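S.K.: fold the following.
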Amino acid sequence: MKIGVLSYRFNYYPYLRNILYKLPEAEYIPVEDLYSNLRRVALSTNRRLGREIFPTFDLNNQFNDFNINKIDILHFFNGVSYGRTPWVAHFETLLPRFSSLMQRSHGKTENPLRMTPLIQSGINALQSPYCKRIIAMSQSAAVIQKNLLLELPPEDRRIILDKLIVLHPPQKSLVEKSIKRTYDKSNPIRFILVGAGFFRKGGREILNSFDNLINSKGAPIQLVLVSSLRLDSYASKETQSDIAWAKQFIIDHTDWIEHYETLDHDKVIDLMKTCDIGLLPTYADTYGFSVLEAQACGCPVISTDGRALPEINNGDVGWLIYVPKNDLGEALYSTPEERDRLSQQIQLGLEEIILKIIADPIVIYTKGMKAIERIRKFHDPLSYTQQLREIYKAALI
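M.R.: Purely as a prediction, here's the structure:
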């Protein structure tokens, strides 16, 4: 079986996590198309002019190769195809993934759908007989997709709903069991946060919480960061001055912060295995791959409860910080007031949870063991491969 995957996405982490090399008998073929070339031209022009004249977001999520690629099936992440080759698509929020639709699930009230020619083309692609499956990474994504489809006539909605399934990403267990340790000032509890979008993932609140707990409570805790501290103002709306503050804060607190700007993925996993607890007190993450990886290393995770996070983390295997959300499970961060409230809730939740952990550290071991069991039960790579194989076979009948 020849599976076509966008050539410029071959090293894109969600493709590696969900699509590439999952079937040992399959051949994965890099493919080019009209929108790949339009994107390349747009990026080149934007770089040459020093600013974004031509947006590329929507180009990323459309495909039409006029059927010139000699493959059996196409597999996208967040994309739709206008061609006549059978295709399936994973998605993290909704399809079609166009910029004009991405704000619908944000804020207290959803924005009504304004049908444009682009959105109609995307909907038509989903209704096409060449679209065989749309694969939500989570129940959260499936709910948001169904909410969008409510805007369509019932007969159109049903065509797409019949193609919708939920398939969580695979994750192999990375340790046999969690390690029971004794903690004190010379052997602190090690927490780890992984992610370039430092502020969006709760980085400011983590720094402030740890600083407060160490200075006011003498907490035996250490923070490990793997982050380039990239400007990522999607939800947290940070600025360059915020980035500068974080960099200086880290420099000033190397006695309890261990910082890596970037590491190969294997090195990140090795580092996770030296830690005790994972962190993802995020403003906005559609899924949380780092949660699965930490759990697979025997590290229970402290996370917020937005989007898919309650599906993969809970009070049995970790800790949840409950934050204000809308009806679709998205945390509220659209206004300065909402962001302030969210930030306060995250910091308060972090401090309360960490103090409870310090008071009863055996919980790290017990939750860590349950986290490993959860990974084995719900994210088994062999089961995932078989489900994907069946999706492809059904698509090619």
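
S.K.: what about the strands in the stretch 1-150 of the chain?
M.R.: Ranges of strands in the stretch 1-150 of the chain, per DSSP state E, counting those that start in this stretch, are 2-6, 27-31, 62-63, 73-77, 80-81, 87-91, 131-136.

S.K.: where does pLDDT dip in the stretch 201-350 of the chain?
M.R.: When residues are selected by pLDDT under 70, none of them lie in the stretch 201-350 of the chain.

S.K.: mind listing the helices for it?
M.R.: Using DSSP state H, counting those that start in this stretch, the helices found in the stretch 201-350 of the chain span residues 203-217, 240-252, 265-272, 289-296, 309-312, 336-359.

S.K.: deepest-packed of those, please.
M.R.: Of all these, helix 289-296 carries the top mean neighbour count, a mean of 25, counting by mean count of other C-beta atoms under 10 Å. The C-beta positions use only the backbone N, C-alpha and C, and glycine is treated the same way.

S.K.: ok, Ile179 - contacts?
M.R.: Applying C-beta atoms under 8 Å, 6 or more residues apart in numbering to Ile179 gives the contacts Gly298, Tyr365, Gly368.

S.K.: now with 7 Å, please.
M.R.: Ile179 makes contact with Gly298 under the criterion C-beta atoms under 7 Å, 6 or more residues apart in numbering.

S.K.: circling back to that earlier point, between the helices of the stretch 201-350 of the chain, which one is nearest to Gln386?
M.R.: With respect to Gln386, and counting by C-beta to C-beta, the nearest of the helices of the stretch 201-350 of the chain is helix 289-296 at 19.0 Å.

S.K.: let me have the strands of the stretch 1-150 of the chain in a markdown table, extended by mean pLDDT and mean neighbour count.
M.R.: Shown next, in a markdown table, are the strands of the stretch 1-150 of the chain (pLDDT from 0 to 100; neighbours: other C-beta atoms under 10 Å):
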| stretch | mean pLDDT | mean neighbour count |
| --- | --- | --- |
| strand 2-6 | 98 | 21 |
| strand 27-31 | 98 | 16 |
| strand 62-63 | 98 | 24 |
| strand 73-77 | 99 | 25 |
| strand 80-81 | 99 | 24 |
| strand 87-91 | 99 | 25 |
| strand 131-136 | 99 | 22 |
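
S.K.: distance to Ile277 added to those strands, as TSV?
M.R.: Output for those, formatted as TSV (distance: least, C-beta to C-beta, whole Å):
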stretch	distance to Ile277
strand 2-6	35
strand 27-31	36
strand 62-63	41
strand 73-77	30
strand 80-81	39
strand 87-91	29
strand 131-136	29
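
S.K.: quick one: the strands in the stretch 151-300 of the chain?
M.R.: For the stretch 151-300 of the chain, applying DSSP E, counting those that start in this stretch gives strands covering 164-166, 189-194, 221-226, 257-260, 277-280.

S.K.: among those, which is the most enclosed?
M.R.: With neighbours taken as mean count of other C-beta under 10 Å, the strands of the stretch 151-300 of the chain reach their highest mean count in strand 277-280, at a mean of 26.

S.K.: run through the residues that contact Asn208.
M.R.: Neighbouring residues of Asn208 by C-beta under 7 Å, 6+ apart: Gln347.

S.K.: what about it, distance to Gln347?
M.R.: Asn208 is 6 Å from Gln347, where distance means C-beta to C-beta, to the nearest Å.

S.K.: cool, and Leu223?
M.R.: In this view, Leu223 and Gln347 are 14 Å apart by C-beta to C-beta.

S.K.: rewinding a little: now the helices of the stretch 201-350 of the chain as TSV including distance to Leu95?
M.R.: Output for these, formatted as TSV (distance: least, C-beta to C-beta, whole Å):
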stretch	distance to Leu95
helix 203-217	30
helix 240-252	33
helix 265-272	27
helix 289-296	20
helix 309-312	19
helix 336-359	27
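
S.K.: between these, which one is nearest to Thr116?
M.R.: Using C-beta to C-beta as the measure, helix 336-359 is the one of those that comes nearest Thr116, at 27.7 Å.

S.K.: who are the packing partners of the next helix-or-strand element following that closest one?
M.R.: Using DSSP states H and E, the helix or strand that follows helix 336-359 in sequence is helix 362-378. In terms of contacts (3 or more C-beta pairs under 7 Å, 6 or more residues apart in numbering; DSSP states H and E), helix 362-378 is packed against helix 289-296.

S.K.: what residues of stretch 165-172 count as buried?
M.R.: Across stretch 165-172, burial judged by 16 or more other C-beta atoms under 10 Å covers Leu167, His168, Pro169, Pro170, Gln171.

S.K.: now do the end-to-end distance for that stretch.
M.R.: In stretch 165-172, first residue to last residue: 22 Å (C-alpha to C-alpha, to the nearest Å).

S.K.: and Leu388, which of the helices of the stretch 201-350 of the chain is closest to it?
M.R.: helix 289-296 (17.0 Å).

S.K.: on contacts alone, who are the packing partners of that closest one?
M.R.: Judged by 3+ C-beta pairs under 7 Å, 6+ apart, the packing partners of helix 289-296 are helix 265-272, strand 277-280, strand 301-304, helix 309-312, helix 362-378.
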